[in-house]
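Undergrad: Please find the sequence and the predicted model below.
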Amino acid sequence: MRDTDRGKRILSLLCYVLLSIVFHIAPVDAEELTPRQAPARNIKGFWEVNLYTQTAVRTVVEETNPGVNFEGDAESTRVMAKLATRPWRPVEFYLQAGMANLAIDQFNDYRGDYGFAYGGGASLTLYEYPGPKRFQVITRADTLNFETTDHVLTVIQSQDVFVKETIRWQEYTLEGIGIWRSRYWEPFIGARFSWLDSQDTVDDPRVGRLSLNEDSNLGLLVGTNIYFDPRENFAFNAEAALIDQFSLKIGIKLWY
């Protein structure tokens, strides 16, 4: 079994566990919630720090020759820090930075080392039902960029050549999410549209620069926030993506 297939199976299992938590455990005792037990803090303007790690696997397509496409499974691990601010109640802006790597077995066992990753985005609250059983609908858009490099042995014009290969990863995502509240649990589920506008550069004039794109655009998103104090200054976050990519993200959130 390939490492990529094994990784997909593990991620699928983790996503199933997360789905079970979100849809079974979170609603427990929801009816017992009283105004006295409601969160003490009504978040309006705030600074949010989110520290997280994410493992993602998605199929990518590269046009090696006109009309000839080559597929591979891109695996990436990211360690990121995100800083968000909400200048107006329905709008949030954020920046993120950290480290990310990239591995694609089908691309001559490409193993890109960790490189600097950065990005940002914004979210907009479209609807909010107030109260202890608060429900929200938001839309979120963001981007992530990083660059990795490896030296690979490849065949160019029937010759074995050892070349430097650099992949610049540019990922864009648009999501629509429904969020509801059950005591200190805040589960959410939504749909996502993602696409890649990436480049694969081989340091050989016979190859040059190739375009690297996504195989699938549409996916699902599911996750939860778990608050650990009544003032909501600290929370655990878990999030999984399915279909367009298989990914699992876990982290902590702090508010100031």
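TA: Sure, I can see it.
Undergrad: Sticking with Phe93, tell me its helix or strand.
TA: If you go by DSSP states H and E, Phe93 is part of strand 91-104.
Undergrad: tell me what that strand is packed against?
TA: Judged by 3 or more C-beta pairs under 8 Å, 6 or more residues apart in numbering; DSSP states H and E, strand 91-104 is in contact with strand 47-65, strand 68-88, strand 110-129, strand 135-156, strand 159-180. C-beta coordinates here come from the backbone N, C-alpha and C atoms, glycine included.
Undergrad: In a markdown table, list the ones you listed along with distance to Gly98, mean pLDDT and mean neighbour count.
TA: A markdown table is the format used below for the helices and strands packed on strand 91-104 (distance: least, C-beta to C-beta, whole Å; pLDDT from 0 to 100; neighbours: other C-beta atoms under 10 Å):
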| stretch | distance to Gly98 | mean pLDDT | mean neighbour count |
| --- | --- | --- | --- |
| strand 47-65 | 9 | 91 | 16 |
| strand 68-88 | 4 | 92 | 16 |
| strand 110-129 | 5 | 94 | 16 |
| strand 135-156 | 9 | 89 | 16 |
| strand 159-180 | 13 | 90 | 17 |
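Undergrad: Looking at those, spot the one closest to Phe188.
TA: strand 159-180 (4.2 Å; C-beta to C-beta).
Undergrad: can you dump the C-alpha coordinates of that closest one into CSV?
TA: Listed next in CSV are the C-alpha coordinates belonging to strand 159-180 (Å, rounded to 0.1, in the frame of the first residue of the first chain):
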residue,chain,number,x,y,z
GLN,A,159,18.4,10.8,-20.1
ASP,A,160,18.6,10.4,-16.3
VAL,A,161,19.2,13.9,-14.9
PHE,A,162,19.6,15.1,-11.3
VAL,A,163,17.9,18.5,-11.2
LYS,A,164,16.7,21.1,-8.7
GLU,A,165,12.9,21.3,-8.5
THR,A,166,11.0,24.2,-6.9
ILE,A,167,7.2,24.2,-6.3
ARG,A,168,5.5,27.4,-5.4
TRP,A,169,2.2,26.6,-3.8
GLN,A,170,-0.7,29.1,-4.1
GLU,A,171,-4.0,28.0,-2.6
TYR,A,172,-7.3,29.9,-2.5
THR,A,173,-10.4,28.9,-0.6
LEU,A,174,-14.0,30.2,-0.3
GLU,A,175,-16.3,28.7,2.3
GLY,A,176,-19.9,29.0,3.5
ILE,A,177,-20.3,27.9,7.1
GLY,A,178,-23.1,27.3,9.6
ILE,A,179,-22.2,27.6,13.3
TRP,A,180,-24.4,26.8,16.3
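Undergrad: List the buried residues of stretch 93-110.
TA: Across stretch 93-110, burial judged by 16 or more other C-beta atoms under 10 Å covers 94, 96, 98, 100-104, 106-108, 110.
Undergrad: Please identify which of those residues is nearest to Ala81.
TA: Gly98 (5.7 Å).
Undergrad: what sits against the closest one?
TA: With contact set as C-beta atoms under 8 Å, 6 or more residues apart in numbering, Gly98 has these partners: 78-81, 116-118.
Undergrad: Which of the residues you listed sits closest to Phe46?
TA: Ala81 (16.6 Å).
Undergrad: wait, isn't the closest one in contact with Val49?
TA: Yes. Counting by C-beta atoms under 8 Å, Ala81 does reach Val49; the two are 7.1 Å apart.
Undergrad: Mind listing the shared neighbours of the two?
TA: By C-beta under 8 Å, 6+ apart, no residue touches both Ala81 and Val49.
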